[in-house]
Structure formats: C-alpha cells, structure tokens
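*Asks:* Need a 3D model of the following:
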Amino acid sequence: MSEIIPILPHLWIADYTALEDLSWLRKKKIHIIFHISKEHPFFAKSDIEELRIPVDYDEDSSLEVMNKNIYECLFDFCQFVHEKMNTQKNILVLGLEGRQDPDVFAAAYFIMYGKVFPSNAINYVKSKKKNAFFERNTFLPALNKFCNELNKNFST
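*Replies:* Residues are numbered from 1 along each chain as shown. Take a look at the predicted model:
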C-alpha cells in the first residue's frame, strides 16, 4: 500500500491505493480531493468537494502530448489550491499508482508560490516522498515551461 504524503500544511499527495481506508479523509478533515485520473470514480462523500483535473493522456501517449496536457492544467491548479489553502482548506491530490502526476502538481505549486526553480521544487517533493519522480522525470519539460512562463510574467 502507498502512503499519503504531507507536502505542506493543508496539502497531501497520494495514489488511489493509499485510500483503502476512507476514514483517513475524515481524520485529516479533507475538504477537497483532486482526481488526476479519468478512470477513477469519485468517492461521493457529501462533505468533500471532488474535482477532476482534466489531464488527458494514456500510456501510449507521446512525452510531448503528456507534457502539453499537464502544463495546461498547472496554472489553474496552483491558483485554486493557493486560494483554498489560505482559507485553511485541506486538499488531497490523487493519481494512479506508479504515475508522477501528483508529484508534478506539488512541484508546480512550489515553483509558483515558493518562487523556486524546477530542480529545487522536485528535490523538495523527493524529500517528502521517497519514490517521487522515480527513474526519470517525465514531466520536466512541463515544469520548465511553467517556470519560464511565470518568470516572464513576474518580469513584466
């Protein structure tokens, strides 16, 4: 079974296998769940807002398509999470087992609000989650593009 990893106060990442016991959601007072999977059904807990991040790719997609799809979701995700965390909302980001998607969204948050480079954000996530960005970082191009766009916006 996977772990549910605390990334920051009010922000956790995990894959679906970590939630075999849904009582954890109540114990941590989770308010919002982001699903990064079009296959997994919502948990239908009336007191939890469940959102689907519209990342659309499969195992046969090219790296270019995967990075494009992830990149297109990063700005909205980070802004929404920041707004909710500022109101003390607890957020869980869920992905499929063995995928890097939750890691990428956590790293993007650090890039945007920690104002760090992708390598620093990736290292921070790795310090919290042992198998984060395992083998290779499939989404480094998306994180680099995200960082470059943010830097462009900050300098204008």
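*Asks:* can you pull the buried residues of stretch 104-115?
*Replies:* Residues V104, F105, A106, A107, A108, Y109, F110, I111, M112 are the ones in stretch 104-115 that count as buried (16 or more other Cβ atoms under 10 Å). Quick note: C-beta positions are derived from backbone N, CA and C, even for glycine.
*Asks:* show me the contacts for the first one.
*Replies:* V104 sits next to I70, L74, F139, A142, L143 when contact means Cβ atoms under 8 Å, 6 or more residues apart in numbering.
*Asks:* CSV for those residues, including pLDDT and distance to N90?
*Replies:* Below are those laid out as CSV (pLDDT from 0 to 100; distance: Cβ to Cβ, whole Å):
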residue, pLDDT, distance to N90
I70, 90, 24
L74, 96, 21
F139, 89, 25
A142, 94, 26
L143, 95, 25
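*Asks:* Of the residues you listed, which is the nearest to I48?
*Replies:* L74 (23.0 Å; Cβ to Cβ).
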